[in-house]
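[1] Predicted model and sequence below, questions to follow.
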Amino acid sequence: MFRRGEPFAKDLDNLVDRADKTVGYYAGANGRYREAKLLEDLQGIDGIITVASMYENTAIVLNVLHKGFAREALKPVLNLTFDGNRNENDETKIESFMYYL
């Protein structure tokens, strides 16, 4: 878990290298950082939930790129989108995701 006084990423240079190897120079809406964090070796984390606007192009691009990476190195990821309206399906998706972790 994150503790006060610690950086969110232990090795910032490693994030840059990982982003270079995966998304290259793509930088829309902080996409390089977002994808590098998804691929980081996160100790004690069993799965990742991402949330983005339904109309955000970066989330769409990252989801497409992410599917091309080696499966054995990835944590399970649930990508959720929102458009400002309450969606009961999202609650069901989160509950199912948590159950299968």
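    Perfect, I can see it now.
[2] State the number of residues packed around Ile48.
    16 (other CB atoms under 10 Å). For glycine as for every other residue, the C-beta is placed from the backbone atoms N, C-alpha and C.
[3] Show me what it is bridged to.
    Val77 (DSSP bridges).
[4] The one 4 residues further on now?
    Beta-bridge partners recorded for Ala52 (DSSP bridges): Thr81.
[5] I'd say it and Thr81 touch.
    Yes - judged on CB atoms under 8 Å, Ala52 makes contact with Thr81 at a distance of 5.8 Å.
[6] any residues in contact with both of those two?
    By CB atoms under 8 Å, 6 or more residues apart in numbering, Ala52 and Thr81 have these common neighbours: Ala59.
[7] Determine the set of other helices and strands touching the helix or strand where Tyr33 lies.
    According to DSSP states H and E, Tyr33 maps onto helix 31-38. In this structure, helix 31-38 makes packing contacts with helix 12-22, strand 48-53, helix 57-66, judged by 3 or more CB pairs under 8 Å, 6 or more residues apart in numbering; DSSP states H and E.
[8] Which helix or strand in this structure has the lowest average pLDDT?
    Lowest by mean pLDDT, DSSP states H and E among the helices and strands of the chain is helix 57-66, with a mean of 72.
[9] quick one, that helix and strand 48-53 angle?
    140 degrees (axes from the mean of the first three to the mean of the last three CA atoms, to 10 degrees).
[10] who's in contact with helix 57-66?
    In contact with helix 57-66 (CB under 8 Å, 6+ apart) are residues 22-23, 26, 28-31, 34-35, 38, 50, 52-53, 74, 77, 79, 81.
[11] With stretch 84-93 instead?
    Contacts for stretch 84-93 (CB under 8 Å, 6+ apart): 78, 80, 82.
[12] Weed out the non-buried ones from the contacts of helix 57-66.
    Buried by 16 or more other CB atoms under 10 Å: 22-23, 31, 34-35, 38, 50, 52, 79, 81, out of those.
[13] Save the contacts of stretch 84-93 as JSON lines, and put in neighbour count, distance to Glu88 and pLDDT too.
    Converted to JSON lines, the contacts of stretch 84-93 look like this (neighbours: other CB atoms under 10 Å; distance: CB to CB, whole Å; pLDDT from 0 to 100):
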{"residue": "Leu78", "neighbour count": "17", "distance to Glu88": "16", "pLDDT": "88"}
{"residue": "Leu80", "neighbour count": "16", "distance to Glu88": "13", "pLDDT": "87"}
{"residue": "Phe82", "neighbour count": "14", "distance to Glu88": "13", "pLDDT": "85"}
